[in-house]
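Colleague: Here is my input, please return the structure:
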Amino acid sequence: MPGKGKQSAGILVYRWRAGVLEVLLVHPGGPFWAKKDAGAWSIPKGEIEPGEDPLAVARRELREETGSSVEGEFVALRPVVQRGGKTVHAWAVQGDVDVARLASNTFSLEWPPRSGKMREFPEIDRAEWFSVPAAREKILDAQRALLDELAALHTARAQSR
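Modeller: Down below sits the predicted model:
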């Protein structure tokens, strides 16, 4: 796997609505992200442990973070490196996820800090479909390249028809 440091794997789910390419993004849950919007969203993804198959991790993380799974042709996208050094491996697949039925796994966090009280938070507090231009405003900076590559793939396919 390219890159050093932590590795994540995720899925960029897309669909067509009224001729518009839309992508599924998720918003991280918990108190640190509660008031952040633009530049805070991501594709559903999770960390790859040593020996794990990245695509299997990506599929598992989609299921854990949204409660949904998708089937189809998984197209590998070029990995991106986020600001903290984490490499994200991603696959694009056409599918449909009902965001009204979001069912995310949870994590425990001491909150408020130094209170001694542990609270449970959803890993993902919401998921939404965005057009690619709108998604570019919402997604983490480094992951914009995934959107651009998906859009370029569909432009190339349309021109080859």
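Colleague: contacts and neighbour counts: CA atoms only from here.
Modeller: Will do.
Colleague: Give me the next element, helix or strand, following the helix or strand that contains residue 134.
Modeller: In this structure, residue 134 sits in helix 132-138 according to DSSP states H and E. Per DSSP H and E, the first helix or strand lying C-terminal to helix 132-138 is helix 144-160.
Colleague: sorry, back to before: what does the helix holding residue 134 rub up against?
Modeller: With CA atoms under 8 Å, 6 or more residues apart in numbering as the test, helix 132-138 has contacts from 21-23, 25, 37-41, 144, 147, 151.
Colleague: ditto for stretch 57-68
Modeller: Counting by CA under 8 Å, 6+ apart, 9-11, 44-48, 69, 90-91, 97-99, 101-105, 123-124, 127 sit against stretch 57-68.
Colleague: one more time with 10 Å
Modeller: 8-13, 26, 28, 43-49, 54-55, 69-71, 89-91, 96-106, 122-127 (CA atoms under 10 Å, 6 or more residues apart in numbering).
Colleague: Those residues in strands, which ones?
Modeller: 8-13, 26, 28, 45-47, 89-91, 106, 122, 124-127 (DSSP state E).
Colleague: how about low-confidence regions in the protein?
Modeller: For the chain, applying pLDDT under 70 flags the ranges 1-4, 156-161.
Colleague: Pick out the residue nearest the middle of it.
Modeller: With distances taken as CA atoms, centre = their mean, residue 43 lies nearest the centre of the chain, 1.2 Å away.
Colleague: how far away is that one from residue 9?
Modeller: Distance of residue 43 to residue 9, computed by CA to CA, to the nearest Å: 9 Å.
Colleague: Spit out the residues that contact those two alike.
Modeller: Contact criterion CA under 10 Å, 6+ apart; residues shared by residue 43 and residue 9: 58, 62, 88, 90.
Colleague: Show me what residue 107 is bridged to.
Modeller: Taking DSSP bridges as the rule, residue 107 bridges to residue 121.
Colleague: how near is it to residue 43?
Modeller: Residue 107 is 18 Å from residue 43, where distance means CA to CA.
Colleague: circling back: put together TSV for the contacts of helix 132-138, with neighbour count and distance to residue 78 on each row.
Modeller: Shown next, in TSV, are the contacts of helix 132-138 (neighbours: other CA atoms under 10 Å; distance: CA to CA, whole Å):
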residue	neighbour count	distance to residue 78
21	17	19
22	23	19
23	25	17
25	24	18
37	14	25
38	14	23
39	17	20
40	18	21
41	26	19
144	19	12
147	22	11
151	15	13
